[in-house]
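> mind looking at a prediction? Sequence and model below.
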Amino acid sequence: MLFALLFLPVTHHALRITVFMRKGYIQVYTGNCKGKTTAALGLALRAAGAGLRVFIAQFIKKRRCSEHKALERFSDLITVKQYGTGFLRGKRPKAAIDSARKGFAEVSEIITSGEYDVVILDEVNVATHNNLFSVEELLALLDAKPSPVELILTGRYADERVVDKADLVTEMREIKHYARKGVKARVGIEC
């Protein structure tokens, strides 16, 4: 019986996944070193490999990088959408706020739709830190998350209330970084 559920048509996707993923958790990848988005994308690939549907919402970012090209190969299982105008560098332009708020509204619907098993909110902690939308709105979204949905939040500056609500928190801490020697972001490695 369980083996047969693996081969249900896509229209029965939610039923098939609910049987196998009884509970989805909230994961936070934060800290001041590289690797947060990379870890989330690795999880997305693992989930797609298991036949799970993944939605990746990228806040702040607008640049198309190498990972976008790679993820296109999994477009039947992984959807990526950007809701950003680029890194803020201390500014909060109206366009950045509007884009983030639009993205947050869309993601709120996506999380509760049951269409996706894993939802990644990339740089969401930076978005709340810069008041593009409030931490209270994010916390309400975490409370509204359906049980089977695995939710991953990335970005520096994770609010303590988000950390408290999460089931898993990983902090990336810089010990040594070649950027301090002037090494720029390299295609295929950092971008």
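Thanks, I have the structure now.

> would you mind measuring from E171 to Y29?
Distance of E171 to Y29, computed by C-beta to C-beta, to the nearest Å: 8 Å. Backbone N, C-alpha and C define where each C-beta goes, glycine included.

> neighbour count: these two, which is higher?
Set E171 next to Y29 and count neighbours by other C-beta atoms under 10 Å: Y29 wins out with 26 against 14.

> okay, and the more buried one sits in which element?
strand 26-31 (DSSP states H and E).

> what pLDDT does the model give F20?
Here the pLDDT value assigned to F20 is 57.

> and for the one 5 residues further on?
Confidence at Y25, expressed as pLDDT, is 98.

> what does the one 10 residues further on give?
Per-residue confidence for G35 comes out at a pLDDT of 94.

> also D122?
pLDDT, the model's per-residue confidence, is 97 for D122.

> could you give the number of residues near it?
Neighbour number of D122 under other C-beta under 10 Å is 27.

> run through the residues that contact it.
Each residue near D122 by C-beta atoms under 8 Å, 6 or more residues apart in numbering is listed here: 37, 40, 56-59, 61, 154-155.

> please apply the same query to S134.
S134 touches T128, counting by C-beta under 8 Å, 6+ apart.

> ditto for Q27
Q27 makes contact with 43, 150-153, 166-170 under the criterion C-beta under 8 Å, 6+ apart.

> out of those, which is most surrounded?
Most surrounded of the contacts of Q27: other C-beta under 10 Å gives L153, at 29 neighbours.

> what about it, distance to V163?
From L153 to V163 the distance is 10 Å (C-beta to C-beta).

> same check on Y178?
Going from Y178 to V163 by C-beta to C-beta gives 29 Å.

> neighbour count for the two, which is higher?
Using other C-beta under 10 Å, the more surrounded residue of Y178 and V163 is V163, with 14 against 10.

> pretty sure the more buried one contacts V28?
Yes: counting by C-beta atoms under 8 Å, V28 is a contact partner of V163 at 6.1 Å.

> what is in contact with the two at once?
V169.

> I152 belongs to a strand, doesn't it?
Yes: assigned with DSSP: H, G, I helix; E, B strand; the rest coil, I152 falls within a strand.

> mind listing what it touches?
Contacts of I152 (C-beta under 8 Å, 6+ apart): 26-29, 40, 43, 118-121.
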